[in-house]
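Chemist: Sequence below, structure please.
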Amino acid sequence: MATVKSDETMLFQPVPGNADALTVIYAYPNEYSVGITSLGYQLVYAFLEMSSLVNVTRMFTDVGDPMPRNDVDLVGFSFSWELDYSNLIDMLEGLDIPILAADRTDKHPIVFGGGPALTANPEPFAAFFDVVLLGDGEEMLSSFIRTVHDVTRDGVVGTSRRQRESILSALAACPGMYIPQFYEPVYDSMALVDIRPIHPSAQAYVEKQTYRGGTLASSTIVSPRMAWENIFMAEVVRSCPEMCRFCLASYLTLPFRAAPLEGSLIPTIEKGLQYTDRVGLLGASVTQHPEFSALLEWLMQPERSHVRLSIASVRTNTVTEELATALSSRGTRSLTIAVESGSSKVRRIVNKKLEQEDIEKAAVNAQAGGLQALKLYGMAGVPGETEHDIDETIQMMTSLKKAAPKLKLTLGCSTFVPKAHTPFQWRGVDPAADKRLKRMDKELKKHGIQFRPESYKWSVVQALLSRGDRRMTEMLLRAKSLGDSLSTFKRAAKEVPEMPPLSYYAHDIYDDDCVLPWQHLHGPLPIDTLRKHYREAEEEIVSSQEAL
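Modeler: So this is what the prediction gives:
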C-alpha cells in the first residue's frame, strides 16, 4: 500500500510514544482524498499523534502509513457515511480481524468507531464494533485512550494484559462509551419492544458527549491531495440555531456554539495562513456566527488580499451584496444556500424560517456582488408535500432566473430521509419523491436551469440504514457479497428470516411512542422534546390540508 506522508504538511508536532504506548491503527473507510478532507478524522489523528500513550498508523482504502510490526491494541474507524460499511468490512478482513465483534478473542485488537453516522444510529453496524464513541471527540478521546492504556499495561515495559472483557467493562463506565455487545434488543414480531442491558457494567442508557470548549476544530494537515487542494479548514460554528425538523447536523450537535474571534478563530486562521493561502470556513450556518461581520472584515484587509476564501454554508437571508463582493474578490465564484422548497407551506412544516423574498434577494445580491453561480439545495418527499408544492419549487427557480439572469443557477435536490434524533425520525421516505424528482428535472431543463438530483434509490438505502436495527447485520453482509444496490439489499433481506420488509424501515410512518433502535442512546434533546416538535409539524400539515 502506498504511503501518504510524502506531500503532507503537518500543522502539529507529533510526540513519540512511550515504551509502553498502545499501538493504534486509525482508519477511514474511503479513499485518502476523502478521508483527509474530513475535519473530524484530522482532529482525532492529531490527538493520537500528540499522545505519548499511543503510536498511531493511518489507513485508507487506497493508501496508508507503513503497518506496525508489533501487535495492534486498537483499530479505529471514522465513520461518516453509512454506505462506507462495505469498505470497513474489507479493511477488517485485510487486517485479519473477524468482522463480527462476537467472534473476536483476546488476541484481536479492540475495534472502535465514531463519527456522525455512528453517533446518530450505530445499530445496523453495532455487530462490527467493540466500542462506539458517541459524540464529540474532543470530549472523549483522552479518557478512552487512558482507560485502555491503564487496563492493558501493568507497569512493566513490554508486557500487556489484552483481556477484552476487562477493557470493555472499564470503557462502559466512561461517559459516551457504548459497548454494543452489552445490550440486547427484544423483538415482538416486526416491532422492537426493548433494548436491555445484559452485562453488569452496562448503563441503562448511554449519553452522547458534547464538547463545549471555546476552540473548535481546524485543520491539522494540509495536502495537495485533499478534495479541495491545500485548503486549511476552520470550524466557525458547530450545530445550527434554526433547527429544521429533518436536520441531523442541527439536532444531533446541539447546542449551537461559535468560536470566539479573539483568542480562538483569528489565531487559528493566522496559523493556517502560514502554510497555505486557501481557507475554508466550515459550519452548518457559518454566517450566523455572532461576529461574522468582524471576521469577514478581518479577512478582507489588504494584507490578506492573496487569501482564497470558501464558505461551506450560508444562511439565505444573510447573503448581502457586501458578502458576495467580498467572496468574489477572494476567488469564490459560487455560493450555496439551502432553501428546502419553493413552497412556503413546506418550509413552515420543516421549520425553515425563510420567505420567498429572502431567496430572491439572495440571488440578486449574489449577482450584484460579482458571483457567477448560485446553487440551491432542496428536497422532495418532505412530509406534507403535494404536487402543488413541486410546482412552486419550479416557479421559484424560474423566478430567480428572471431576477438574476447572469447567475448560473443549479438546484440540487435530495429525497427526504428520516434521521435519528430529529423530529422527523418517525416519518418514512415518500415513494412519490421519485416521480417528483423526475418532473422537476424535465421542467427545469426547459428553462435552462441545471438540476442535480440525488439518486432516489440510494436515498431509500440510506433510510434503511438510518432507521435500521441489528436485524440488518446479516442483510448487510449478504448485500456486500451481492454488490451494494437497492435491488441487492432487497434480495439479501429476503434471505434473512427474521427481517421485516424493507418498507418497514424505509417508508413506514411510526407511532411516536414506539421503541426506536437508538432509544437507549440519548442525544442532546430528550425524546419528549422531539415528540413535541414532531407534533407541531403534524399540526402544520393538518392546517395546510384544511386550508385547501
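
Chemist: For the stretch 401-548 of the chain, just list every one of the strands.
Modeler: If DSSP state E, counting those that start in this stretch is used as the criterion, the strands of the stretch 401-548 of the chain fall at 408-415, 450-453, 521-522.

Chemist: What is the shortest one packed up against?
Modeler: Right, strand 521-522. The helices and strands touching strand 521-522, judged by 3 or more Cβ pairs under 8 Å, 6 or more residues apart in numbering; DSSP states H and E, are strand 206-207. For the C-beta atoms, the positions are set from N, CA and C on the backbone; glycine is no exception.

Chemist: and with 10 Å instead?
Modeler: Taking 3 or more Cβ pairs under 10 Å, 6 or more residues apart in numbering; DSSP states H and E as contact, the helices and strands that strand 521-522 lies on are helix 116-120, strand 206-207.

Chemist: Could I get the ones you listed in CSV, plus columns for mean pLDDT?
Modeler: Written out in CSV, the entries for the helices and strands packed on strand 521-522 read as follows (pLDDT from 0 to 100):
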stretch, mean pLDDT
helix 116-120, 96
strand 206-207, 98
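
Chemist: Ala380 is nearest to which of these?
Modeler: Each of the helices and strands packed on strand 521-522 has some distance to Ala380 by Cβ to Cβ; the shortest is helix 116-120, at 21.8 Å.

Chemist: CA atoms of that closest one as CSV?
Modeler: Below are the C-alpha coordinates for helix 116-120, written out as CSV (Å, rounded to 0.1, in the frame of the first residue of the first chain):
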residue,chain,number,x,y,z
PRO,A,116,-21.9,11.2,12.7
ALA,A,117,-23.3,8.0,11.2
LEU,A,118,-22.5,6.0,14.3
THR,A,119,-23.5,8.7,16.8
ALA,A,120,-26.9,9.0,15.1
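
Chemist: Export the strands of the stretch 401-548 of the chain as CSV, with columns for mean neighbour count, distance to Ile269 and mean pLDDT.
Modeler: Written out in CSV, the entries for these read as follows (neighbours: other Cβ atoms under 10 Å; distance: least, Cβ to Cβ, whole Å; pLDDT from 0 to 100):
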stretch, mean neighbour count, distance to Ile269, mean pLDDT
strand 408-415, 21, 28, 98
strand 450-453, 17, 31, 97
strand 521-522, 20, 35, 98
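
Chemist: Pull the number of nearby residues for the closest residue in space to Pro124 that isn't next to it in sequence.
Modeler: Once its chain neighbours are removed from consideration, Pro124 has its nearest residue in Gly468; the separation is 3.7 Å (Cβ to Cβ, 6 or more residues apart in numbering). Residues near Gly468, counting by other Cβ atoms under 10 Å, number 24.

Chemist: who's in contact with Gly468?
Modeler: Taking Cβ atoms under 10 Å, 6 or more residues apart in numbering, we find Gly468 in contact with 82, 121, 123-126, 420, 475-476, 502, 504-506, 517.

Chemist: filter the residues you listed to the buried ones?
Modeler: 82, 121, 123-126, 420, 475-476, 502, 504-506, 517 (16 or more other Cβ atoms under 10 Å).

Chemist: ok, the residues you listed vs Gly17, which is closest?
Modeler: Phe125 (29.4 Å).

Chemist: Name the SS class of that closest one, please.
Modeler: At Phe125 the chain is in helix, as set by DSSP: H, G, I helix; E, B strand; the rest coil.

Chemist: And the spatially closest residue to it that is not a sequence neighbour, what's its pLDDT?
Modeler: Once its chain neighbours are removed from consideration, Phe125 has its nearest residue in Tyr85; the separation is 5.8 Å (Cβ to Cβ, 6+ apart). The confidence metric pLDDT takes the value 95 at Tyr85.

Chemist: Neighbours of Tyr85, how many?
Modeler: One way to gauge burial is a neighbour count; for Tyr85, by other Cβ under 10 Å, it gives 23.

Chemist: for Phe112, same thing?
Modeler: By the other Cβ under 10 Å criterion, the neighbourhood of Phe112 contains 22 residues.

Chemist: Strand partners (parallel or antiparallel) of the helix or strand hosting it?
Modeler: Taking DSSP states H and E as the definition, one finds Phe112 inside strand 110-114. The strands beside strand 110-114 in its sheet (DSSP bridges) come out as strand 74-78 (parallel), strand 131-133 (parallel).

Chemist: Ala404: which of the ones you listed is closest?
Modeler: Distances from Ala404 to each of those were compared by Cβ to Cβ, and the smallest falls on strand 74-78, at 39.1 Å.

Chemist: Pull out the CA atoms of the closest one and give them to me as CSV.
Modeler: Backbone C-alpha positions of strand 74-78 (Å, rounded to 0.1, in the frame of the first residue of the first chain) are rendered in CSV as follows:
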residue,chain,number,x,y,z
LEU,A,74,-6.8,-0.7,18.9
VAL,A,75,-8.2,-0.3,15.4
GLY,A,76,-10.4,2.7,15.0
PHE,A,77,-12.7,3.9,12.2
SER,A,78,-14.0,7.4,11.5
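
Chemist: for that strand, what is the average pLDDT?
Modeler: For strand 74-78, the mean per-residue pLDDT is 98.

Chemist: if we can go back for a sec, quick one: closest of the strands of the stretch 401-548 of the chain to Ala21.
Modeler: Using Cβ to Cβ and comparing those, the one that lies nearest Ala21 is strand 521-522, at 31.0 Å.

Chemist: In its sheet, which strands sit next to the closest one, and in what direction?
Modeler: Strands flanking strand 521-522 in the sheet, each with its direction: strand 206-207 (parallel) (DSSP bridges).

Chemist: any idea how far the residue nearest to Pro124 is from Leu476?
Modeler: When distance is defined by Cβ to Cβ, to the nearest Å, Gly468 is 9 Å away from Leu476.

Chemist: Next, show the common contact partners of those two.
Modeler: The overlap between the contact sets of Gly468 and Leu476 (Cβ under 10 Å, 6+ apart) consists of 82, 124-125.

Chemist: could I get these as a markdown table with pLDDT and distance to Pro453?
Modeler: Formatted as a markdown table, the entries for those read as follows, by pLDDT from 0 to 100; distance: Cβ to Cβ, whole Å:
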| residue | pLDDT | distance to Pro453 |
| --- | --- | --- |
| Glu82 | 90 | 19 |
| Pro124 | 97 | 25 |
| Phe125 | 98 | 27 |
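
Chemist: Make CSV from those residues and add distance to Pro200 to it.
Modeler: Supplementary listing: the shared contacts of Gly468 and Leu476 in CSV, determined by distance: Cβ to Cβ, whole Å:
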residue, distance to Pro200
Glu82, 32
Pro124, 26
Phe125, 25
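
Chemist: hey, where'd the helices end up in the stretch 101-250 of the chain?
Modeler: Listed from the start of the chain, the stretch 101-250 of the chain has helices (DSSP state H, counting those that start in this stretch) covering 116-120, 137-152, 164-172, 248-251.
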